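Undergrad: Could you work out the structure for the sequence below:
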Amino acid sequence: MKEVIQIPGAPAPIGSYSQAILVNGTLYVSGQIPADPETGELVTESIEASTHQVMKNILALVTEAGMTIDNIVKCSIFLKDLENFDSMDEIYASYFRSLPPARETVQVSRLPKDVDIEISCIAVK
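TA: Below you'll find the predicted structure:
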């Protein structure tokens, strides 16, 4: 049986998807963009600030599912510009102090709401 997981107090998703789905101890987190869940405003002043907001959103979903960042086993990162890779990676790495998850990072031509970054992940209990 699957359970919908959502960031408490966050606006509903803008499309026909769930923020995350928990099934059989595995959490599938939809792509998170740098939207502040309290205000709905985008955090776009820098790739560093955007990456922090995306990671905070992911952590909120993982926590809501009763897990921690250590439960994340796979991430997919989508960047509008791979020139931002090093700056993004420095912030991303600060969240995974040991045993970082498997990951791919790809450049895409466009992301929802024209943001610079989107990250999805899978976590396992």
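Undergrad: Residue 84 and residue 47 touch, don't they?
TA: Yes: between residue 84 and residue 47 a contact is recorded at 4.3 Å, counting by Cβ atoms under 8 Å. Where C-beta positions appear, they are placed from N, C-alpha and C, glycine not excepted.
Undergrad: Now do the shared contacts for those two.
TA: 116, 117 (Cβ atoms under 8 Å, 6 or more residues apart in numbering).
Undergrad: These two: who's more crowded?
TA: Each of residue 84 and residue 47 had its neighbours counted (other Cβ atoms under 10 Å), and the higher figure belongs to residue 47 (22 against 19).
Undergrad: Can you tell me how far that one is from residue 36?
TA: Computed as Cβ to Cβ, to the nearest Å, the residue 47 to residue 36 distance reads 16 Å.
Undergrad: Can you tell me how far residue 99 is from residue 69?
TA: Distance, residue 99 to residue 69, by Cβ to Cβ: 10 Å.
Undergrad: These two: who's more crowded?
TA: residue 69 (17 against 8).
Undergrad: Is it correct that residue 31 falls within a strand?
TA: Yes: with DSSP: H, G, I helix; E, B strand; the rest coil as the criterion, residue 31 is part of a strand.
Undergrad: Go ahead and confirm it touches residue 75.
TA: No: using Cβ under 8 Å, residue 31 is not in contact with residue 75; the gap is 10.5 Å.
Undergrad: more neighbours, these two?
TA: More crowded of residue 31 and residue 75, by other Cβ under 10 Å: residue 75, with 21 against 18.
Undergrad: any idea how far the host helix or strand of that one is from the chain center?
TA: Per DSSP states H and E: residue 75 is located in strand 72-79. With Cα atoms, centre = their mean, to the nearest Å as the basis, strand 72-79 stands 8 Å off its chain's centre.
Undergrad: List every C-alpha atom in it, with coordinates, as PDB.
TA: Extracted as PDB, the C-alpha positions of strand 72-79 are listed here (Å, rounded to 0.1, in the frame of the first residue of the first chain):
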ATOM      1  CA  ILE A  72      18.800   8.400   0.900                       C
ATOM      2  CA  VAL A  73      20.400   5.900  -1.500                       C
ATOM      3  CA  LYS A  74      20.000   7.600  -4.900                       C
ATOM      4  CA  CYS A  75      19.700  11.200  -6.200                       C
ATOM      5  CA  SER A  76      19.100  12.600  -9.600                       C
ATOM      6  CA  ILE A  77      20.200  16.200 -10.100                       C
ATOM      7  CA  PHE A  78      19.000  18.400 -13.000                       C
ATOM      8  CA  LEU A  79      20.800  21.600 -13.700                       C
END
